[in-house]
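*Asks:* Mind looking at a prediction? Sequence and model below.
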Amino acid sequence: MTGHLRGAMVRNPLCRQVAVVGLGCTDYGRDLGRSQGRLAVEACINALNDAGISVSEVDGLCGNANQASPQYVQEGLGIPELAWWSTPPIPFSLLLNEAANAVFSGACEVAIAYQAQFRSAATSRSARELDFIRAVPDPNRTADPHRIAQFTQPYGRRSSGYPGFMRRYMDRYSAPREAFGRIAINSRTNATRNPHAIARKPLTLADYQASRMVREPMCLLDMDYPVDGADAVVIVTSERARDLPQRPVFIEASTFGQTEHPQAETYIDLDHTGQEVAARRLWAKTDLSIDDVDVFYPYDGFTVITLKWFESMGFCAPGEAAGFVSDHWDEQEQCLRIFGRMAVNTHGGSLSEGATQGAGHIREAVTQLRGQAMDRQVDGAGVALLGVGGLFNNSTALLLST
């Protein structure tokens, strides 16, 4: 194991001072027929019920305004008054961190961070046919989106720039496609034990290799699964958390990462990304190490992101993730078992449970640390490591513990 060396712990006043005490989500689906606002409110209600906290006690809301504004959610929930709200961008770890900081600072006492994802009308034919989508004009649409896309996104929004990053990684490190396939298979294997997952049919390496190519070398199974749905978490101080019904899950450390070249078109190479910045700062904020981790949640919006998180977090050196995944592959179970014990993306990740910009990873990590993951429960799980976000301008790292 390479790992990050531990030195003197840097200042981290938030450490174990706030906790996640409530989880809520909606079902996931391709055509739920409910707006993002309605989904967000439903998830928040479920999270409050889980936490044993009334709506009248909530005084902080954090959600992406492009999905469901805090004003909409406040009215939907019937919250009498707010002392704090914020609208950070995705991924969900940014929202969680904002809410945790607000509770820690005293800006609010009970905060809900929520995420409501919806397949947009610009990327989904079935979504475009929904009445509430058709009835609301898009103020940002100045021309036919498909006509514009032929110039700005000739290979489709879902492919973005990641096929190029995947090709560069393969060429530079002689990484075989099988390594990316194992990331997809691991997520699918774990999803078979998750009734909430959208894709639960077992997947083989032959299935992966036969999957439709979207943009070489990236196939359909290298990309996350778009869904409608929402997640929410309730955050309070650690002192308050001990009086609530659920086992509290504490935020050990949380970091963001961005280099001097944060845009994909100006990046230096795949060894200089926001992931490395976030991971290095994370390990400097805790006395925990990789050896203490029981479950690992590397973001899998694209399989190449997941491989890079293994390297960035210190499981292996740059360029060694393909070999690391192969060395820690359980052929009989068709999943990853790092050091023979550490499970990876136990819920199926974005590739199989559904694309939630990291909300599903955080929900599952909390569920595992509570000991409530049923058939997929990792025995004795007490520390969860998360790497959420992409490669350059939204990388985050998170440690949760009990």
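*Replies:* Yep, it's here.
*Asks:* Which parts of this structure are strands?
*Replies:* 18-25, 60-62, 84-86, 111-117, 213-215, 218-219, 229-237, 249-257, 295-298, 329-330, 335-338, 342-344, 383-388, 395-401 (DSSP state E).
*Asks:* got a list of contacts for stretch 30-40?
*Replies:* 26, 42, 63, 67-68, 72-73, 76, 114-119, 126-127, 130, 132, 198, 226-230, 232 (C-beta atoms under 8 Å, 6 or more residues apart in numbering). C-beta: built from backbone N, CA, C; applies to glycine.
*Asks:* Which stretch among the strands of the chain approaches Ile185 most closely?
*Replies:* strand 335-338 (7.6 Å; C-beta to C-beta).
*Asks:* Buried residues in the closest one, which are they?
*Replies:* 335-336, 338 (16 or more other C-beta atoms under 10 Å).
*Asks:* And that strand, what does it pack against?
*Replies:* Strand 335-338 sits against helix 177-191, strand 329-330, strand 342-344, with contacts defined as 3 or more C-beta pairs under 8 Å, 6 or more residues apart in numbering; DSSP states H and E.
*Asks:* Show the secondary-structure elements that the second one is packed against.
*Replies:* Right, the one you point to is strand 329-330. strand 335-338.
*Asks:* can you give me the mean pLDDT across the strand it packs on?
*Replies:* Here strand 335-338 scores 98 as its mean pLDDT.
*Asks:* Could you tell me which ranges of this protein sit under the pLDDT cut-off?
*Replies:* Within the chain, the stretches with pLDDT under 70 are 1-8, 120-160.
*Asks:* Could you say which of the helices and strands packed on strand 335-338 is packed most deeply?
*Replies:* helix 177-191 (a mean of 24; mean count of other C-beta atoms under 10 Å).
*Asks:* Which stretches in the stretch 1-150 of the chain count as helices?
*Replies:* Along the stretch 1-150 of the chain, counting by DSSP state H, counting those that start in this stretch, helices occupy 36-51, 70-77, 92-105, 125-128, 131-134, 145-152.
*Asks:* How far away from the center of its chain is stretch 196-207?
*Replies:* Remark: stretch 196-207 is offset 19 Å from the chain centroid, using C-alpha atoms, centre = their mean, to the nearest Å.
*Asks:* So what touches it?
*Replies:* 25, 27-30, 178, 181-182, 184-185, 188-189, 191-192, 194, 221, 225, 227, 334, 347-348, 351-354.
*Asks:* now the helices: where do they sit in the stretch 301-402 of the chain?
*Replies:* Counting by DSSP H, counting those that start in this stretch, the helices of the stretch 301-402 of the chain are 303-312, 321-327, 349-352, 359-370.
*Asks:* List only those of the contacts of stretch 30-40 flagged as buried.
*Replies:* In these, the ones that pass as buried (16+ other C-beta under 10 Å) are 26, 42, 63, 67-68, 72-73, 76, 114-119, 127, 130, 198, 226-230, 232.
*Asks:* Could you report the neighbour count for Val41?
*Replies:* By the criterion of other C-beta atoms under 10 Å, Val41 has 25 neighbours.
*Asks:* which ones are touching it?
*Replies:* So Val41 contacts 68, 73, 76-77 (C-beta under 8 Å, 6+ apart).
*Asks:* which of these lies closest to Leu244?
*Replies:* Leu77 (18.6 Å).
*Asks:* give the contact list for the closest residue to the closest one other than its chain neighbours.
*Replies:* In space, and not counting its chain neighbours, Leu77 is closest to Val55: 5.3 Å by C-beta to C-beta, 6 or more residues apart in numbering. Taking C-beta under 8 Å, 6+ apart, we find Val55 in contact with 48, 77-79.
*Asks:* ditto for Leu351
*Replies:* Here Leu351 is in contact with 183-184, 187-188, 199, 221, 223-225, 300, 303 (C-beta under 8 Å, 6+ apart).
*Asks:* Compute the distance between Ala65 and Val388, please.
*Replies:* 20 Å (C-beta to C-beta, to the nearest Å).
*Asks:* can you check Val234 too?
*Replies:* 19 Å.
*Asks:* re the thing from before, looking at the helices and strands packed on strand 335-338, which is nearest to Trp85?
*Replies:* Using C-beta to C-beta, those put helix 177-191 closest to Trp85, at 33.5 Å.
*Asks:* Tabulate the CA atom coordinates of that closest one in CSV.
*Replies:* Provided in CSV are the C-alpha atoms of helix 177-191 (Å, rounded to 0.1, in the frame of the first residue of the first chain):
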residue,chain,number,x,y,z
ARG,A,177,-10.2,-1.5,-20.8
GLU,A,178,-10.8,-4.4,-18.4
ALA,A,179,-9.8,-2.2,-15.5
PHE,A,180,-12.6,0.2,-16.4
GLY,A,181,-14.9,-2.8,-16.8
ARG,A,182,-14.2,-4.0,-13.3
ILE,A,183,-15.2,-0.6,-11.9
ALA,A,184,-18.6,-1.0,-13.7
ILE,A,185,-19.0,-4.7,-12.7
ASN,A,186,-18.2,-3.9,-9.0
SER,A,187,-20.9,-1.3,-9.0
ARG,A,188,-23.4,-3.6,-10.6
THR,A,189,-22.6,-6.5,-8.4
ASN,A,190,-23.2,-4.4,-5.3
ALA,A,191,-26.4,-3.0,-6.8
